[in-house]
Structure formats: C-alpha cells, structure tokens
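Novice: curious how this folds, go ahead:
(one chain, ligands or ions: 1)
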Amino acid sequence: MLVKKRIDYYPVTVILLVLGIDLFIFFFSHSLWPLLIWMPLSLNIKGWICCWNHHHQHYNFFTVPWANRLIELIMGMQTGIVGEAWVLHHTLGHHLNYLDQSLDESAWKTPQGRLMSRLEYTFKVTLMSYPKAFKVGQRHTKSRNKLIQNLLLTALVLGVLCYIDWVKTLIMFIIPMVFLLFMSVHETYDHHAGLDEEDPHKATYNIMDRWYNLCTCNLGYHTAHHIQCGRHWSELPQLHEEIKHKIPAHLYREGTFPFNLMTKMEQQFLELRHQRG
Ligand SMILES: [Zn+2]
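Specialist: All right, here's what the predicted structure looks like:
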C-alpha cells in the first residue's frame, strides 16, 4: 500500500482533485473569469489542506520518499508552505519551544512580555516564518537542504507556469500561496495565545466541533497533538480521551466559521427531525 494509513486516502484524494481543477482551469480556460470564480472558492478547501500539510509533515502520508516529496510540492503550491518548512519551523521549532515564549518560533508574546494582537502576531510570525525555518535548519542541515531544494523546485514550477501565462499563475497559485501562508499563521493564534503555562495540558486550546475536526483532520484535538506530536491525526481523539481529565474546561473553544454554522444547522435539522419523528 502506498499510504501508511488507509484513512490518508481522504486528504490525498482531495489534494489531487483540487490540483486537477486548478490545472484544468489554468490550461483550458480562454478567459480569466473561471480563475477569478474558482480561486476564492478554492481558498477554503486549500485552508483545510494547510492543516493536512501540517499533519503530513509530522507523519508522512506515504511509505515511499518520492511520493512524499511529490505531494509536498503540490501542497506547497496550494498553501505557500513548501516541504520541510513545517518540519523546521513547527516540529523542530515550535513543538519543542512553545512553553518558553523567549524561544517559541510562533511566539504570541513580545520580548517585553506583552500579548500580541492577532494582527501583530500574524504579520510578525508570517514574515519571519521562512527566516526562522532556516535558523532552525542550522541545527538540522539535512532538513534545511531539503527545504532549499523544495523552494527551488517550487520556484522552477512557478517560473514555467509564469512563462506560459503569468497573469493566470498569479491568480491561481501565487496570490493563494501568499494569502494562505498568512491565514495559516492567523489561525494558529487561537492555539496558544495568552496561555502562559508550564504544564502542557494547560497550554493549548481545543476545539471539539465535529465539522471542524472532519475538515481539518482532528486539528481541534490540539493538546493531544502537543502531548504526542508523532501520533497520526486519526489517533488523536483516542489520545484525547486518555488525557482529557487533565485539560481544564476553559481550554475548549467553539469551532470557527464556517464550522460553527454547519454544526448549528446540523443540530437544528436533527431537532426538527426528532420533533417530527
Ligand atoms: Zn504540530
């Protein structure tokens, strides 16, 4: 089997489907309108791919290296976060340092000890994301070299696409990549901001919303993810059950838009069906 866990056919299939639509519209549309309609529509689902990209970099989808490198190239073109960037900045950086704000690569606190606003955090962490990945890479040269290769390969593919049609490349790839890099960081503000804790069970917010976890592949079980970041995403609900007695009640949050809306609609539908039944 090409994938390590059969359930990963779910994100992989969607990633390839989105790539297929992107390329079909890029090569076969005679006007810019299909791109201008599809691009904003695709941003939401590419946002989910940002989460899956994160999971893949903790626990690779495939059993063979070439398939992992290929899916990383594709996800890099969809999210702006190329292969090894998550590994260096996040797994070897943030996961080791998130309890110490003077070291955390995704620090929400300024050196003076002030809680950053979401906007300040988003700009600072985004603009420093690749420089900090390279800084962590000084201690992990093999991973840093892979990051350089991935950046060059991504630039080469974008260069070829720009040569074919630079306006289409800008709309279909470059703008979403920059936007989603910012949005990925923007969303991580909700994971730890304001939680000045030494106990890992108290240092992370969780989201139990069903739709949120279906679309993000269990990113809401975030304390469990930080307790054992090598666990496959599909095992996080089970791990959460084992540790939930240590997580304080105030560390649970509602699902973000549009998941909270989807959950409310589902609940209303079920209530209506119950009343009629
Ligand atoms: Zn992580």
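Novice: for Gly230, phi and psi?
Specialist: phi -90, psi -10 (degrees, to the nearest 10).
Novice: which residues of this protein score low on pLDDT?
Specialist: Scanning the chain for pLDDT under 70 picks out 277.
Novice: mind checking how far His89 is from Ala133?
Specialist: 4 Å (Cβ to Cβ, to the nearest Å). Bear in mind the C-beta positions are built from the backbone N, C-alpha and C, glycine included.
Novice: my bad, Asp100
Specialist: 18 Å.
Novice: more neighbours: these two, which one.
Specialist: Taking neighbours as other Cβ atoms under 10 Å, Asp100 and Ala133 compare with Ala133 leading, 26 against 10.
Novice: enumerate every residue touching the more buried one.
Specialist: 84-85, 88-89, 93, 147 (Cβ atoms under 8 Å, 6 or more residues apart in numbering).
Novice: same check on Asp100?
Specialist: Counting by Cβ under 8 Å, 6+ apart, Asp100 has no contacts.
Novice: so it, which of the three states?
Specialist: coil (DSSP: H, G, I helix; E, B strand; the rest coil).
Novice: please begin residue numbering at 9 from this point
Specialist: Yes, from this point I'll number from 9; that puts the last item at Asp108.
Novice: from Ser114, how far out is it?
Specialist: 12 Å.
Novice: swap in Thr21?
Specialist: 30 Å.
Novice: okay, those two: which has more neighbours?
Specialist: Ranked by neighbour count (other Cβ under 10 Å), Thr21 and Ser114 place Ser114 first, with 24 against 10.
Novice: quick one: contacts for that one?
Specialist: Here Ser114 is in contact with 97-98, 101-102, 106, 133, 193, 196, 200 (Cβ under 8 Å, 6+ apart).
Novice: kindly recompute the last result at 10 Å.
Specialist: By Cβ atoms under 10 Å, 6 or more residues apart in numbering, the contact set of Ser114 is 97-98, 101-103, 105-106, 129, 132-133, 136-137, 140, 193, 196-197, 199-201.
Novice: skipping its backbone neighbours, what lies nearest it in space?
Specialist: His102 (4.6 Å; Cβ to Cβ, 6 or more residues apart in numbering).
Novice: ok but that neighbour is inside a helix, no?
Specialist: Yes - using three-state DSSP, the assignment for His102 is a helix.
Novice: hmm, it is touching Val193, no?
Specialist: No - taking Cβ atoms under 10 Å as the definition, His102 is not a contact partner of Val193, at 11.1 Å.
Novice: name the residues contacting each of the two.
Specialist: In contact with both His102 and Val193: 114, 133, using Cβ under 10 Å, 6+ apart.
Novice: ok, and the closest non-adjacent residue to Val72?
Specialist: Leu10 (6.9 Å).
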